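Enquirer: Generate a structure from the sequence data that follows.
(chains A and B)
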Amino acid sequence: MEGKQDKFIELYEQHNEAFGRFCRARAYGIMDASDLMSETLLKAYESFEKLKNPNAFLGYLIGISKNILNSKLRRRKFKGGYTEKLANQIPSEGVSAEMRMDIQFLYQCLNELPEQQKDAIILFEISGYSVKEIAIIQNAGESAVKQRLKRGREKLGEIMKNDELRSEPISGKSQILVSIFL
Amino acid sequence: MTQLDQSFQSAKQLPDPMNMDEVKALLNNPPIGKGGNKQIVTLKNGFIMIGIIAAASLSALIANGEPTPTKQLTTTVIEYVDDQQYDLKPSVLSELPETVFVEITDLEVVVKDNLENVYEYKAQLESRIIETDSVKEIVQEPIARQIGNGLRIDESKEFSITEDTKDTELKRIEELAKKQGIKLNFSKLKRKKNKITHIQVKMKFYDNAPTKGCNCGSFSINTSRKKGFEGIIFGWKVEDGKIKKFYSKDESGSFFCPHDRSDPEGLYKIGVQQ
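Expert: Residues are numbered from 1 along each chain as shown, chains lettered A, B, ... in the order given. Down below sits the predicted model:
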């Protein structure tokens, strides 16, 4: 038992921060990030003996967390809704109000991307994994991951710009439009 | 720095949802009943069953009007009696002999409402035994299906296609090859009465294949239309973790790509494409 735990911790320790950031970004609007993280870790630990290749550990964790999110989403279809409580998932300690808004806006926009692009962007830009590592996680070639990152960033830029335009007052909108045309 | 980059930077600065000490504590003391009071019980025959006591949902139902549950008491007894295997779906539970499972029984909920009134509820509940999605999702059974005339697909290096090989099996071989950096595809596939009569197998490396260590540009195997389909065996040789050769076999010998005349196995023939 001890041996299993030591081995698990040894493999997991290096990923804690990056995986935590992944959970935070991915869980936004669906469930609490720490719940996602703990449920994933418990499930991963439970079936840890079945993981034959330690190099696949990260993909194994990410896979489990996505399964948990998917099952939450399936259940939510029947409950309806995104609530205010879920929108306030970003912690306030050590983060300015402006930064919080910024992150919230980013997470909302990320949720509009296709699944694989969203994962690639979160893993690369927020968790800080390399293209090579993401290729292993996503079971794809590096060029495919690069393509996802490129398209994802472009799309994200567009979404952010459009959303900003929508939320601006009329005078602000005209200023943005003028700046685009200039 | 663009606005997008700034947002990513901000997201990176958020504190971790759990630090390592919390992770260790979680693994040492996993909460029982987390996620809807799930209790995982592994039985002798290898079945994993999850007994879910709906205490939380019942108390939520009872607690209409926002009283706060102060105490929940649940007892769970699952008794396994014989070694017989059952299909453990809720619909067949009633058909099982009563001795097999003693079902979850008493639920006691004490609820206090906003006016400090205390309510006690007692109920007899049946546990539900479910093959959960989560168990299925995590447990990855080794694929030990027999392909064609009997080579195991999970060995991942050699495959045999017979006239009975199904399309799903071909697809599975393609996926396994892809995992090893090999672009493998089956073309010119023809079937008569669901039996394969002709097939072409093409193998080459993906440009970014991590195990690329083979001098073979591409390798293709065509079955003979004249002789009729007799099945093919093909695969790749791995040395020091790298794929060195592609090959195919039939009763007259083996074709290797690249050629190696010093190889005792190399019963090469004209017609190997390189």
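
Enquirer: residues contacting the nearest residue to B:Ser218 once chain neighbours are set aside?
Expert: Closest residue to B:Ser218 apart from its sequence neighbours, by CB to CB, 6 or more residues apart in numbering or on different chains: B:Lys204 at 3.7 Å. Where you see a C-beta, it was placed from the backbone N, CA and C, and this is true even at glycine. Counting by CB atoms under 8 Å, 6 or more residues apart in numbering or on different chains, B:Lys204 touches B:182-183, B:216-219.

Enquirer: So, low pLDDT: which residues of chain A?
Expert: A:1-2, A:75-89, A:92-94, A:163-182 (pLDDT under 70).

Enquirer: could you pull out the helices for chain A?
Expert: A:2-13, A:16-27, A:33-46, A:57-79, A:84-87, A:97-110, A:115-121, A:131-138, A:142-167, A:170-181 (DSSP state H).

Enquirer: What values do phi and psi take at the residue nearest to B:Ser218?
Expert: Main-chain dihedrals, B:Lys204, degrees, to the nearest 10: phi -160, psi 170.

Enquirer: per the record, what domains does chain A have?
Expert: Per the record, chain A has its domains at A:1-82, A:90-182, by automatic domain parsing.

Enquirer: what's the closest of those domains to B:Lys24?
Expert: Nearest to B:Lys24 among the domains of chain A is domain A:1-82 (6.5 Å), distances taken as CB to CB.

Enquirer: does any part of the closest one sit near chain B?
Expert: Yes - using CB under 8 Å from any CB of the partner chain, we find that domain A:1-82 touches chain B at A:5, A:8-9, A:12-13, A:16-17, A:20-21, A:23-25, A:33-34, A:36-39, A:41-43, A:45-47, A:50, A:64, A:67-68, A:71.

Enquirer: want to throw the domains of chain A into a markdown table with mean neighbour count?
Expert: Formatted as a markdown table, the domains of chain A follow (neighbours: other CB atoms under 10 Å in any protein chain shown):
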| stretch | mean neighbour count |
| --- | --- |
| domain A:1-82 | 17 |
| domain A:90-182 | 16 |
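
Enquirer: After the longest helix that chain B contains, which helix or strand is next? Please name it.
Expert: Secondary structure of chain B per DSSP H: the longest helix is helix B:167-179. Downstream of helix B:167-179, the next assigned helix or strand under DSSP states H and E is strand B:182-192.

Enquirer: Spell out which strands sit alongside that following strand in the sheet and which way each one runs.
Expert: Here strand B:182-192 is paired, per DSSP bridges, with strand B:195-205 (antiparallel).

Enquirer: got the CA positions of the partner strand in PDB?
Expert: Extracted as PDB, the C-alpha positions of strand B:195-205 are listed here (Å, rounded to 0.1, in the frame of the first residue of the first chain):
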ATOM      1  CA  LYS B 195     -15.300 -12.800 -46.900                       C
ATOM      2  CA  ILE B 196     -12.200 -10.900 -47.900                       C
ATOM      3  CA  THR B 197     -11.200 -11.700 -51.400                       C
ATOM      4  CA  HIS B 198      -8.500  -9.000 -51.900                       C
ATOM      5  CA  ILE B 199      -6.600  -6.500 -49.900                       C
ATOM      6  CA  GLN B 200      -3.600  -4.300 -50.000                       C
ATOM      7  CA  VAL B 201      -1.700  -3.300 -46.900                       C
ATOM      8  CA  LYS B 202       0.500  -0.200 -47.000                       C
ATOM      9  CA  MET B 203       3.000   0.700 -44.300                       C
ATOM     10  CA  LYS B 204       5.200   3.700 -43.800                       C
ATOM     11  CA  PHE B 205       6.300   5.900 -41.000                       C
END
